[in-house]
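Asks: Only the shape, not the letters, is given here:
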């Protein structure tokens, strides 16, 4: 589209007036750039980009855009090692969300993010705005958000502050997610001392769209209008990415950094709901050229990214931005992280219709600028982001739009394994032997329903398997989508206790677990996203953990043929100088070709044979390093992990997937239950199957407590009415298989180890979380 | 001829597509109505679906009752047209005065999304006509404000006039007299907290809700 130019395009070469007073930010004792979080070297880079000293407003733009949170300056060199391409990938990393072609004319968009630091400061709003932010990333792509998942990490609930954080986070997700009308279909709960000062709140969102509606966030067409949709801009969230997300907590745990609370945004799910409907209506009617959400770094990010990606410039009239408060300075307007806002690029001809759609949904729409032609500079066309006071008013800031994203610093930070690595590996927890096997087993059980019953997990009538299963399984359907008989499965997985021992193998094992979880509901894994939660990148051992984890993820993804289509890096997760354990979270997406019946579920039926698929032992041993038993029951953090055999794992996954896929396609199946065998080992998996079934079992052949609790990879439990048939299928597939016993009766009996009434097991499972929250 | 059902959308409503889909599965001609409309057009039944009309701000249903469409819904109801409010729709009907009582916060002060067992206790409504009294149905609930309350006199009338149509088996939210759904005097206006549309397909775990929706469509067709 050619220039339309209903607005005058000024060519003023240099900023003529600043109108900026940064008295709120500048510290008298240190230079402004340092107060804003930029190093001296980074300031020098800004001067090089501009060819002059930046004014304070320009400096504030670079400070937020070059923050760790926005620029990935410490992790980018490592992230490049991840495989990102695959046959179904429509959009890979770098956009607002990854998108795959799911078939039947439907594309699926997925993204995962962290909202760790805001949630540590103000758990309810921190978690709520985390949900709001990720939804915008999804509908920015043209997709309707259809499901959310929340992996959560806290310190032990024996501490009152952790209970406050936990209930606040769950309440925030519940109140925002339910009201905005997107079901929360699963997640994960992890409790460990290392999160006491810095909890982790990750959120994954999945959406779907007709393939042809896919939109990207680039601006184009000089003369087109930049339209701000949604909430007015306030002072909330200023410095969210730089003050809050890109620095650790110094406090001693009890009340970390209350002074940072104003950097936490406040969410309004009703505004977001109307914004979703208005944006999807605009996209349906093809009324936008490009669209971008306002998240971290607010308008500074949205305007510079849309212009930068489109290779154009943008003039923004800062005075046109609707405000919640009087007296806001331009730098505050540009860096505010007020929630529920979008930036749309529309043609002048379409503007009246855009206004009408927004009026119907009661969404504020304001023209705040327009797209400009790139300006030739030394023979290169450069799009300039110019901030003005009035549409044709004085220029307050003038920077190359793409430089805010593309010229961000790139650090090769020093990395080194932790000093205690070998000592820790040598400290095998097996020596701290059994005292009370049944007591340990009961203590490792926990029903997460206290959490997910507070989340609407059923909206859109898609939830075939909801929270509490190995993976969530949804019908691939939603308003405005073409009809399909397919299903889509999602899981989030992590195991910081493994990654603390060996971040590379630990992360690979987490990817393997995700793939197996998808298979347990009949889905074939098609892509992964990741949220890399780590400590302070200025600590060499943290950078080593990050680098190793990325390599482990890359190796596993290559082995399983999985593209990584998006991710988020959250660094500076530390408190009082102590880093969290490396906590990479994997979100995996899978597809089911034919979803006509419910999968068997993680239980069994009276009379079924219980079969263990996969290797029984690792070279005849049952190592307990990194197991939940060692960590939670014996407080032992040492030992080594059992390595992953990708070929054996693939064979197991394909067998389980094929068996379950036959069931969900509606065929006759002898399967009565399927459960992945992971955290807590065989013991926890068997106990959970008994609880889900409400039926006991008589099982044997498990040699000792170490075999019961060790977390060998690549194993699944299957209950079947046709054990011979299953053993035959397993033999054909090259998967070791053995019958452990038969389901039935009211007791869970594991010969020589466990003999408990199922009601007692169920009681322990059900009461664990409520009792912890009551301080019992 | 298929029954024509209008499903009202307020800003913040979120179950409208689900209700349209569930009714469509049962053969109805269901379509969306906008809250700003002052006329309903030719219809055989109206459903106010679940969600958070106007964000539930002030109080669930407190703002929605002023939407232009509610005048038309009240006239439709006064003429004997079947009107069903599900969850937030029930809250809107009580705020609009089309049903007595109110829905307050759940007893345990938490949102609750879970399967509930409800028992049909009266056939005197468009939603339960023809459904055997004593029938137990597994239908999900999904609300923060589902704890039904009314004054003693109203409760006596509801009982005496057989207008309590659904009761919980195992009260999940503290509702007075285990009330899950009630009807107006004529039985053509019904409010219930459980979501029958969420239990309309065995793939989703239960098809018990279809029993109620089918009864509604039978009734709507009978009036054609």
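Replies: Nice, I can see it. A quick note: this is a predicted structure, and the numbers were derived from the prediction, not measured.
Asks: So residue 153: helix, strand or coil?
Replies: In the absence of a named chain, chain A is used. Here residue A:153 is recorded as strand under DSSP: H, G, I helix; E, B strand; the rest coil.
Asks: nope, chain B please
Replies: Three-state assignment for residue B:153 (three-state DSSP): helix.
Asks: what about it, distance to residue A:662?
Replies: Relative to residue A:662, residue B:153 is positioned 60 Å away (Cβ to Cβ, to the nearest Å). (Glycine included, C-beta is placed from N, CA and C.)
Asks: Bridging across strands, which residues link to residue A:583?
Replies: Listed by DSSP bridges, the beta-bridge partners for residue A:583 are residue A:533.
Asks: which regions of the stretch 201-350 of chain A lie under the pLDDT threshold?
Replies: Per-residue confidence for the stretch 201-350 of chain A (pLDDT under 70) gives these ranges: A:239-247, A:249-263.
Asks: same thing with the stretch 451-600 of chain A?
Replies: Counting by pLDDT under 70, the stretch 451-600 of chain A shows no low-confidence range.
Asks: Flag every residue of it that's near chain B.
Replies: Proximity of the stretch 451-600 of chain A to chain B is confined to A:452-461, A:463-464, A:475, A:478-479, A:595-598 under the rule Cβ under 8 Å from any Cβ of the partner chain.
Asks: Strands of chain B, start to end?
Replies: When assigned using DSSP state E, the strands of chain B occupy the ranges B:4-9, B:29-34, B:45-48, B:83-86, B:102-104, B:112-120, B:136-143, B:147-149, B:164-168, B:179-183, B:189-192.
Asks: Could you export those strands as TSV, including distance to residue A:159, mean pLDDT and mean neighbour count?
Replies: Output for the strands of chain B, formatted as TSV (distance: least, Cβ to Cβ, whole Å; pLDDT from 0 to 100; neighbours: other Cβ atoms under 10 Å in any protein chain shown):
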stretch	distance to residue A:159	mean pLDDT	mean neighbour count
strand B:4-9	45	98	24
strand B:29-34	49	97	17
strand B:45-48	45	98	28
strand B:83-86	41	98	29
strand B:102-104	33	98	20
strand B:112-120	27	98	20
strand B:136-143	32	98	22
strand B:147-149	32	98	22
strand B:164-168	36	98	24
strand B:179-183	39	98	28
strand B:189-192	42	98	29
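Asks: can you list these in TSV and add distance to chain A?
Replies: Compiled in TSV, the strands of chain B are given as follows (distance: least, Cβ to the nearest Cβ, whole Å):
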stretch	distance to chain A
strand B:4-9	9
strand B:29-34	8
strand B:45-48	15
strand B:83-86	13
strand B:102-104	15
strand B:112-120	5
strand B:136-143	5
strand B:147-149	16
strand B:164-168	15
strand B:179-183	17
strand B:189-192	16
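Asks: among these, which is nearest residue A:223?
Replies: Nearest to residue A:223 among the strands of chain B is strand B:29-34; the distance by Cβ to Cβ comes to 34.1 Å.
Asks: Touching that closest one from outside, list them.
Replies: Contacting residues not belonging to strand B:29-34 are listed as B:2-9, B:16, B:19-20, B:23-24, B:40, B:46-47, B:69 [Cβ atoms under 8 Å, 6 or more residues apart in numbering or on different chains].
Asks: what's the spacing between that strand and its chain's center?
Replies: Strand B:29-34 has its C-alpha centroid displaced from the chain centroid by 16 Å (Cα atoms, centre = their mean, to the nearest Å).
Asks: what about the closest residue to chain B within the stretch 51-200 of chain A, how many neighbours?
Replies: Closest residue of the stretch 51-200 of chain A to chain B, Cβ to the nearest Cβ: residue A:181 (3.1 Å). The burial metric for residue A:181, expressed as a neighbour count using other Cβ atoms under 10 Å in any protein chain shown, is 27.
Asks: Look up the pLDDT of it for me, please.
Replies: Listed pLDDT for residue A:181 reads 97.
Asks: Kindly report the same for the one 3 residues further on.
Replies: With respect to pLDDT, residue A:184 scores 98.
Asks: Find the nearest non-adjacent residue to it, please.
Replies: Residue nearest to residue A:184 in three dimensions, not counting chain neighbours: residue A:455, with 3.6 Å by Cβ to Cβ, 6 or more residues apart in numbering or on different chains.
Asks: again with residue B:14
Replies: Nearest residue to residue B:14 in three dimensions, chain neighbours excluded: residue A:181, at 3.1 Å (Cβ to Cβ, 6+ apart).
Asks: what does chain B have sitting close to chain A?
Replies: Near chain A, the residues belonging to chain B are B:11-12, B:14-15, B:17-18, B:21-22, B:36, B:51-52, B:54-57, B:110-114, B:140, B:142, B:144, B:195, B:197-198, B:200-205 when assessed by Cβ under 8 Å from any Cβ.
Asks: which parts of chain A sit against chain B?
Replies: Taking Cβ under 8 Å from any Cβ, the part of chain A that reaches chain B is made up of A:174-175, A:178-179, A:181, A:268-271, A:273-274, A:277, A:360-362, A:449, A:452-461, A:463-464, A:475, A:478-479, A:595-598.
Asks: Now, those residues that are in helices?
Replies: Cross-referencing the residues of chain A next to chain B with the helices (criterion: DSSP state H) gives A:174-175, A:178-179, A:269-271, A:273-274, A:277, A:360, A:449, A:452 as the overlap.
Asks: residues near residue A:311, how many?
Replies: Burial of residue A:311, expressed as a neighbour count using other Cβ under 10 Å, amounts to 15.
Asks: for chain B, what are the low-confidence residue spans?
Replies: By pLDDT under 70, the low-scoring segments of chain B are B:223-224.
Asks: which helices and strands does the longest helix anywhere in chain B pack with?
Replies: Counting residues, the longest helix in chain B under DSSP H turns out to be helix B:209-222. Contacting helix B:209-222 under the criterion 3 or more Cβ pairs under 8 Å, 6 or more residues apart in numbering or on different chains; DSSP states H and E are the following elements: strand B:4-9, helix B:16-25, strand B:45-48, strand B:136-143.
Asks: Can you redo those as a markdown table, where the extra columns are distance to residue A:492?
Replies: Formatted as a markdown table, those follow (distance: least, Cβ to Cβ, whole Å):
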| stretch | distance to residue A:492 |
| --- | --- |
| strand B:4-9 | 32 |
| helix B:16-25 | 25 |
| strand B:45-48 | 35 |
| strand B:136-143 | 23 |
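Asks: of all these, which lies closest to residue A:123?
Replies: Ranking the helices and strands packed on helix B:209-222 by distance to residue A:123, with Cβ to Cβ as the measure, places strand B:136-143 first at 22.9 Å.
Asks: Just checking: what are the partner strands of that closest one?
Replies: Looking at strand B:136-143 with DSSP bridges, its paired strands and their directions are strand B:112-120 (antiparallel).
Asks: So what's the model's average confidence on the helix or strand residue A:102 falls within?
Replies: For residue A:102, the enclosing helix or strand under DSSP states H and E is strand A:98-103. Confidence for strand A:98-103, expressed as mean pLDDT, is 97.
Asks: ok so, going back, name the residues that touch the longest helix of chain B?
Replies: When contacts are taken as Cβ under 8 Å, 6+ apart, the neighbours of helix B:209-222 outside the stretch itself are B:1, B:3-5, B:22-23, B:25-28, B:44-45, B:82, B:84, B:126-131, B:135, B:137, B:139, B:192, B:194-200.
Asks: so what's the residue nearest to residue A:184 up against?
Replies: Counting by Cβ under 8 Å, 6+ apart, the residues that residue A:455 touches are A:173-174, A:177-178, A:183-184, A:467, B:111, B:113.
Asks: Between these, which sits nearest residue A:316?
Replies: Compare each of these with residue A:316 using Cβ to Cβ and the shortest gap goes to residue A:177, at 32.2 Å.
Asks: Report how many residues lie close to that closest one.
Replies: 30.
Asks: how close does it get to residue A:118?
Replies: Between residue A:177 and residue A:118 the distance is 16 Å, computed by Cβ to Cβ.
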